[in-house]
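In: Sequence below, structure please.
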Amino acid sequence: MPEQVLAALKVAASTMEFREMEIPEISPDAALLKVEVAGICGTDVSQYRLPLRGSPIIMGHENVGYLSRVGKLFAERKGVKEGDLVFLEHYLPCGNCEWDHMGEYRHCTATDWFYDPEAIRYGYTPISTPPALWGGFSPYLYLAPNAIIHKVPDGVTPVEAGTATPMANGVQWALFEGGVGYASVVLIQGPGQQGLSCVMASKHAGADRIIVTGTSKDARRLEVCQAMGADDVIDVDNEDALERILEITGGRGVDVSVDCTVGAGTAPTLLGIEAAKRRGAVLVVQGEDSEFPNFPIGRMTRKYITMKSARGHSYRAVELGLHQIASHRFPLELMTTHSFGLEEIDYAIKSVSGDGAPGAIHVSVFPWGVS
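Out: Now for the predicted structure:
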């Protein structure tokens, strides 16, 4: 094994630089991951555009790879061995708080920078925090004692396993938070990675009707949604979305609305409230800077709607997401559209944003090169 690896570092807003990084010594309670696939999602796009705060960062938070070096205590605690193919969650929890005992790691202060600026998580931690290899845009990645890993089921390829993060979000948002189940009528707004994963989770859970909205630019993605099980798709640029939803549902509305349109403003939230039936649920994914000065609280309460935020996933959601991938029930190859080597990382990230390779949905980066 080499003593150094060439990693891609974010050194400024939308700027990558390649540097040789030291491979650290592995203590008995830690491990080293040989990264096979690092997935890219919309969060990477927004993170890449932000100014750098502090030292450079090795991005890459959707990581799958083989355990290369495994400390004895790490192996005993995690039930793994060298050579195992694993999916790595990006959270690095404290392991002691109430959230961690529930497997809800995303709420742990130790790994949530909204509450602790010194919080650590994979793909977001600067190289000034030892031992620096905290991201998947590198051939090797350091696994801390508190790393959360999942064994990849037999028969699942690294590329397929690379979709575990959005797949887990689909399970968490549509099923756990939204309550989608047998005979549910579901509205999913936005046909990107997260929306597609909500479609698959809803279909697998027995939803009776799945409606997906998108824009004219999303024509191909809407086709993929139908291949994944969506019953109806609506182009909001050319159709009255609410009118179509009410037509499709015979005026009843939907049981659950999941908004996966980060950056689309408040229109999807309003549509979700109007499209939801009485006692329906509305799931919202919005950034910190989103504002809603004229929120229709009266309309929401009169319809007895439950509104929740959708953010991240739990341990159980990842396990079920991997189970869903392993079922091979859905044509994941329609979602895993593009693969790039590490030398093309800038173009790979821009492809997810729509500024690179056309038609990209879920993008895979291979630190060792595309075979």
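
In: Can you list the low-confidence ranges for the chain?
Out: 1, 286-290, 371 (pLDDT under 70).

In: Walk me through the domains of it.
Out: 4-163+335-366, 167-309 (automatic domain parsing).

In: Pop out the phi and psi values for Val199.
Out: Main-chain torsions, Val199, degrees, to the nearest 10: phi -60, psi -50.

In: Specify the stretch among the domains of the chain that is closest to Ser327.
Out: Comparison of the domains of the chain against Ser327 by C-beta to C-beta identifies domain 167-309 as nearest, at 7.5 Å. All C-beta spots, glycine's among them, are computed from the backbone N, C-alpha and C.

In: how long is that closest one end to end?
Out: One end of domain 167-309 sits 17 Å from the other (C-alpha to C-alpha, to the nearest Å).

In: Ok, stretch 170-183 next?
Out: Across stretch 170-183, first to last residue, C-alpha to C-alpha, it's 18 Å.

In: next one: stretch 131-145
Out: End-to-end distance of stretch 131-145 (C-alpha to C-alpha): 13 Å.

In: Would you quantify the distance from the residue lying closest to Ser216 once chain neighbours are set aside to Val285?
Out: The spatially closest residue to Ser216, leaving aside those adjacent along the chain, is Asp237, at 4.4 Å (C-beta to C-beta, 6 or more residues apart in numbering). Distance, Asp237 to Val285, by C-beta to C-beta, to the nearest Å: 21 Å.

In: Equivalent analysis for Pro367, please.
Out: Separation of Pro367 from Val285 (C-beta to C-beta) stands at 29 Å.

In: okay if I get the domains of the chain as a markdown table plus distance to His328 and mean neighbour count?
Out: Listed next are the domains of the chain as a markdown table, based on distance: least, C-beta to C-beta, whole Å; neighbours: other C-beta atoms under 10 Å:
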| stretch | distance to His328 | mean neighbour count |
| --- | --- | --- |
| domain 4-163+335-366 | 8 | 19 |
| domain 167-309 | 12 | 20 |
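
In: Reformat those as a markdown table; add distance to Gln324.
Out: Listed next are those as a markdown table, based on distance: least, C-beta to C-beta, whole Å:
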| stretch | distance to Gln324 |
| --- | --- |
| domain 4-163+335-366 | 10 |
| domain 167-309 | 6 |
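
In: right, so of those domains, which gets closest to His323?
Out: Minimum separation from His323 across these (C-beta to C-beta) falls at domain 4-163+335-366, 7.1 Å.

In: just the helices in the protein please.
Out: Shown for the chain, the helices assigned by DSSP state H span residues 42-49, 72-78, 98-101, 158-161, 164-170, 193-204, 219-227, 241-248, 267-275, 297-302, 315-327, 345-353.

In: For Pro117, which of those is the nearest?
Out: Closest among these, using C-beta to C-beta: helix 42-49, at 15.3 Å.
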